[in-house]
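Peer 1: below are the sequence and a predicted model for it; my questions follow.
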Amino acid sequence: MSEETNSNSNSNSNSNSNSNSNSNINSADDSGQGTPAVNRSATRASQQKRPNKKLVLGASLLAVVVIGSGVAGLGLSGCGKKDEAAAPAKTKAEVVTTTTTTTTTIAVGPTSALTGVQLNLDDTAGAALLARPVLVAKMDNSPAAMPQIGIEQADMVIELKVEGISRYMGVFQSKDVQQVGPIRSARTSDPDLLAIFGRPLVAWSGGNENVVQVMADTPWIQSVSHSQAPDAYSRSKAKKAPHNLILDVPKIYTYADQPPVLPNKLFDYVAPGQDPGGTPVLGFDMNVGMSPLGFVWDPARSAWLRWSNNRRHLAADGVQIAPTNVVVLETPYAASAADSRSPEAQTLGFGNAWVFTQGRMTVGTWVRSARDQAWKLTSADGQPMLLTPGSTFVELPEVGTSPRVLDQATVDQLQAG
């Protein structure tokens, strides 16, 4: 049975992230079928076969605009023949003036690895947040879960396919978030993605027996599931199970390792005033799994207004979610070794990529050769694909699914709805 249809089961597990013992969970999200031991390497056999590097673009895509650059001038210096020594007839004293150039360095605060935002030097509260580990929360994306709690405060949201519909990884660090939810179950897609965040805290509601074992055998995460940290979770009365499990963020941070392992920079960002390049677009839509989504550029907010499940994607306070950037990465999926009914995202490898920032679209490719590395994004003209400092949604659709650029009539229809 798919987890999306099992709304009345409960999560029970005694698994620990540092244990290699077998664990059993009757999750609010998943059920096991006695599947064999997990061999995740078998699901990645296709990764050793390098796919065709040729960029395959949908017919609806606009042309990539190549931004030209000026040629810097070259400074020239000459060489002269050494003067011959003269007879010491008369000696004249000379005064030599020495000019000293002083360079002043302006101290600034740290830069968020997840958003590229640089803090002011006096922002001690912000610096303290960046000194803690990343929190990754598995979040519900079914219509019954909307509006989600805290998702608008995520530094990054990764959307990937599960059984039929999609699910979110909400990635938090730079903002003082209090609650996040609804929290849902883990998948075998998760470990390879989680490695790019250092050693993150991972909040999840459970999983079938094999998924639980995979999470327990993943040493680069701090697993803090519902069964491992029950005092950090509660059930909301606003929604029905399994769409009502809420995470207490300050409480979950009491479980964090010390010292923390922090993430490295994930993307390349434009400098202040720099043009990111690309083609102007009004917005785009697409699916991740069976979940429809769309974005429309809003110049007033300098952000991409989001639609999900054919409606405006609103936060719990009623404000429409609007990230600064959207990154779309075509991603292969294979059957999970933990549960053949579950798709596993193959996020090591390469594929087609689109970056949407500042009302522009840039087309290129992504490469990720090791799990502790982020995606390297390269445009069609061989340049790094640049984001704008701020929050980012990362969409992981199946191979062959490309964004559909929206025309003015479609944008007007969305805005009127």
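Peer 2: Thanks, I have it.

Peer 1: can you count the residues close to the nearest residue to Leu266 once chain neighbours are set aside?
Peer 2: Leaving aside its chain neighbours, Leu266 sits nearest to Ala374 (4.3 Å; criterion: C-beta to C-beta, 6 or more residues apart in numbering). Using the backbone N, CA and C atoms, a C-beta is placed for each residue, glycine as well. Neighbours of Ala374 under the rule other C-beta atoms under 10 Å: 16.

Peer 1: tell me who's in contact with Ala374.
Peer 2: Applying C-beta atoms under 8 Å, 6 or more residues apart in numbering to Ala374 gives the contacts Ile196, Asn264, Lys265, Leu266, Phe267, Arg368.

Peer 1: mind running it again at 10 Å?
Peer 2: Shown in contact with Ala374 (C-beta atoms under 10 Å, 6 or more residues apart in numbering): Ala113, Ala195, Ile196, Phe197, Pro263, Asn264, Lys265, Leu266, Phe267, Trp366, Arg368.

Peer 1: show me where the stretch 301-417 of the chain has helices.
Peer 2: 408-416 (DSSP state H, counting those that start in this stretch).

Peer 1: can you give me the strands in it?
Peer 2: Using DSSP state E, counting those that start in this stretch, the strands assigned to the stretch 301-417 of the chain run over residues 303-308, 311-312, 325-329, 333-335, 343-345, 349-357, 360-368, 376-379, 386-387, 392-396, 404-405.

Peer 1: now the stretch 51-200 of the chain
Peer 2: Using DSSP E, counting those that start in this stretch, strands in the stretch 51-200 of the chain cover 135-139, 156-161, 166-172, 179-180.

Peer 1: any idea which of the ones you listed gets closest to Phe295?
Peer 2: Nearest to Phe295, of all the strands of the stretch 51-200 of the chain, is strand 156-161, at 11.8 Å by C-beta to C-beta.

Peer 1: wait, Glu152 sits on Gln320?
Peer 2: Yes. The pair Glu152 / Gln320 is scored as a contact, 8.9 Å apart, by C-beta atoms under 10 Å.

Peer 1: could you dump the contacts of Ala374 to JSON lines with neighbour count, pLDDT and distance to Ser340?
Peer 2: Putting these into JSON lines (neighbours: other C-beta atoms under 10 Å; pLDDT from 0 to 100; distance: C-beta to C-beta, whole Å) gives the following:
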{"residue": "Ala113", "neighbour count": "21", "pLDDT": "97", "distance to Ser340": "36"}
{"residue": "Ala195", "neighbour count": "22", "pLDDT": "97", "distance to Ser340": "24"}
{"residue": "Ile196", "neighbour count": "23", "pLDDT": "97", "distance to Ser340": "27"}
{"residue": "Phe197", "neighbour count": "28", "pLDDT": "97", "distance to Ser340": "28"}
{"residue": "Pro263", "neighbour count": "23", "pLDDT": "93", "distance to Ser340": "32"}
{"residue": "Asn264", "neighbour count": "11", "pLDDT": "93", "distance to Ser340": "34"}
{"residue": "Lys265", "neighbour count": "12", "pLDDT": "94", "distance to Ser340": "37"}
{"residue": "Leu266", "neighbour count": "23", "pLDDT": "95", "distance to Ser340": "32"}
{"residue": "Phe267", "neighbour count": "25", "pLDDT": "97", "distance to Ser340": "34"}
{"residue": "Trp366", "neighbour count": "23", "pLDDT": "98", "distance to Ser340": "27"}
{"residue": "Arg368", "neighbour count": "20", "pLDDT": "97", "distance to Ser340": "25"}
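
Peer 1: neighbours around Met286, how many?
Peer 2: Met286 has 18 nearby residues by other C-beta under 10 Å.

Peer 1: chain neighbours aside, what residue packs nearest to it?
Peer 2: Pro403 (5.0 Å).

Peer 1: I figured that neighbour was touching Gly283, is that so?
Peer 2: Yes. If you go by C-beta under 10 Å, Pro403 and Gly283 touch, sitting 9.3 Å apart.

Peer 1: mind listing the shared neighbours of those two?
Peer 2: Once C-beta under 10 Å, 6+ apart is applied, the residues that Pro403 and Gly283 both contact turn out to be Gly294, Phe295, Val326, Phe356, Met361.

Peer 1: give the bridge partners for the last one, please.
Peer 2: Beta-bridge partners of Met361, counted by DSSP bridges, are Thr279, Phe356.

Peer 1: any idea how far Pro280 is from Val212?
Peer 2: 47 Å (C-beta to C-beta, to the nearest Å).

Peer 1: hmm, I typed the wrong one, I wanted Gln258.
Peer 2: 26 Å.

Peer 1: now do Leu194
Peer 2: 15 Å.

Peer 1: who's more crowded, these two?
Peer 2: Counted by other C-beta under 10 Å, Leu194 and Val212 do not tie: Val212 has more neighbours, with 28 against 24.

Peer 1: quick one: average pLDDT of the strand or helix carrying the more buried one?
Peer 2: Element membership of Val212 [criterion: DSSP states H and E] is helix 209-216. Throughout helix 209-216, pLDDT has a mean value of 95.

Peer 1: CA atoms only for it, dumped as CSV, please.
Peer 2: What follows is helix 209-216 as a C-alpha-only set of coordinates in CSV (Å, rounded to 0.1, in the frame of the first residue of the first chain):
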residue,chain,number,x,y,z
GLU,A,209,11.7,-1.5,7.9
ASN,A,210,14.2,-1.3,5.1
VAL,A,211,14.1,2.5,4.8
VAL,A,212,14.6,2.8,8.5
GLN,A,213,17.7,0.6,8.2
VAL,A,214,19.0,2.7,5.4
MET,A,215,18.7,5.8,7.5
ALA,A,216,20.3,4.1,10.5
